[in-house]
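S.K.: My questions concern the predicted model and sequence given below.
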Amino acid sequence: MIAIGSGRPFHVAVITPERKVYEGEATFAVVPAWDGEIGILHDHAPLLALLGSGTLRLETSKNGTLRFRVSGGFVQVVENEVAVLSEEATEV
Amino acid sequence: MQKARLVRRRIRAVRKTRDITHTMEMVAASKLRRAQERVVAARPYAAKLAEVMARLFTPELAERYPILRQPVRPRRAAVLLLTSNRGLAGAFNANLIREAQAAMAEHRAAGVETELHVAGRKGVAAFRFRRIPLALARSDIGDRPALADARSLADPLMLRFETGELDAVDVVFAHFKSPVSTPAVRMRILPVTPAREKGVGRAIHYLFEPSADEILARVVPLYVRNTIYRALVENAASEQGARRTAMKNATDNAEDMIERLTRTLNKARQAEITQQLAEIVGGAEALKG
């Protein structure tokens, strides 16, 4: 497998109103934004983006690739903290 | 003889009541634990949402999006009251109903036409009994409110706020401070005024996708829905807390009562024995001649 980016991890939380669906480290995240996918690596610039419907993909060193179905909401990136907030997010 | 039997019967009855209230206390305690977990689990989302709202919100945007409008002179308001479906929770529902009526009275005193929306069988019944008309009466939200319940309450209100039909929406629910402190509170959910974030550090220069105001317009409905969701979850936990306290008090009262009755019983029995002894002694004396 070709490693994407520097392989340095950042923190990711996938949160719904009811609970935290996922919290942990990832080395690469692909977020289904409103107008297309956004890739996030370590040291991404601060970002606030609306989400569309689609699959959120996380590459982690511990658990391999994780996928979540999300619909609506937004993603916030600040200083290697990625928060994905969506009313619907389920792991697939 | 007669008296002792009556007291015994009464003790049996009180004991049975105590067993029931004690069981209800235990059930409420176990439901409370789970409801409390849901309150805690709802916090991360709410905290993030509030943070983002506080960052994006500027009063100037109010004119561009109907969901953000800030009516200067409100003409029509709605009060959304959340109550429980079940009773035997002390003054839980009574406090909520009183708070809702205070909210309505205030609106009306200010010349604002006010409609009342009620969720929960207890609230619905109370207002039906008083013949106060309800704009909405629902009793289908259970012990474990879901986001879908919040959505079904929030979305029609938001729509009517956007079209200008409503100028203000308050929600009345029991704030879950702790299992023994669940005061009825009133919260303004529309128009939206996010709490200013405490200790906002240096401004972060975000990349916005799409623009900041478009994000805000989309985040506000999430915020309103989540506020109602949290009110529902807190209300559910508060209900169980109030019920546990009420049932604990009832159980303690029953214990006290049993103790008092037992004392009365002993006294009556003692009196009976004394009486019988006196009769025997009296009889023996009489026989002696």
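M.R.: Everything's here; your move. Numbering: from 1, shown residues only, chains lettered A, B, ... in the order given.
S.K.: Get me the contact residues on chain B for chain A.
M.R.: By CB under 8 Å from any CB of the partner chain, the residues of chain B that approach chain A are B:38, B:41-42, B:44-46, B:48-49, B:52, B:56, B:146-147, B:150, B:204-210, B:212, B:214-215, B:218-219, B:222, B:225-226, B:229-230. Every C-beta, even on glycine, is put in place using the N, C-alpha and C of the backbone.
S.K.: Now residue 76: closest residue in space that isn't a chain neighbour?
M.R.: Just so you know, I chose chain A. Distances taken as CB to CB, 6 or more residues apart in numbering or on different chains put residue A:83 closest to residue A:76, at 4.7 Å, once the chain neighbours are dropped.
S.K.: Not quite, go with chain B.
M.R.: With CB to CB, 6+ apart, the residue lying closest to residue B:76 is residue B:113, at 4.7 Å.
S.K.: And for residue B:74?
M.R.: Counting by CB to CB, 6+ apart, the residue nearest residue B:74 is residue B:167, at 3.6 Å.
S.K.: My guess is that neighbour contacts residue B:70. True?
M.R.: No - with contacts defined as CB atoms under 8 Å, residue B:167 does not count as touching residue B:70, sitting 9.5 Å away.
S.K.: So what's the residue count around the residue nearest to residue A:76?
M.R.: 24 (other CB atoms under 10 Å in any protein chain shown).
S.K.: Check what pLDDT residue B:154 gets.
M.R.: You'll see residue B:154 listed with a pLDDT of 94.
S.K.: Now do the contacts for residue B:99.
M.R.: By CB atoms under 8 Å, 6 or more residues apart in numbering or on different chains, the contact list for residue B:99 reads B:81, B:172, B:184, B:185, B:186.
S.K.: mind checking pLDDT for the residue nearest to residue B:76?
M.R.: For residue B:113, pLDDT reads 91.
S.K.: That one is in contact with residue B:75, isn't it?
M.R.: Yes - the criterion here is CB under 8 Å, and residue B:113 meets it with residue B:75 at 6.4 Å.
S.K.: Buried members of the contacts of residue B:99 into ChimeraX, please.
M.R.: Entered in ChimeraX, the line below selects the buried ones among these, by 16 or more other CB atoms under 10 Å in any protein chain shown:
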select /B:81,172,184,186
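S.K.: Now for the contacts of residue B:99: which two are most distant?
M.R.: With CB to CB as the measure, no two of the contacts of residue B:99 lie farther apart than B:81 and B:185, at 11.7 Å.
S.K.: Which ones among the contacts of residue B:99 lie within strands?
M.R.: If you go by DSSP state E, these have B:81, B:172, B:184, B:185, B:186 in strands.
S.K.: ok, whichever residue of chain B sits closest to chain A - contacts?
M.R.: In chain B, the residue that lies nearest chain A is residue B:209 (3.7 Å; CB to the nearest CB). Neighbour list for residue B:209: A:33, A:34, A:35, A:38, A:47, A:48, A:49, A:50, B:215 [criterion: CB under 8 Å, 6+ apart].
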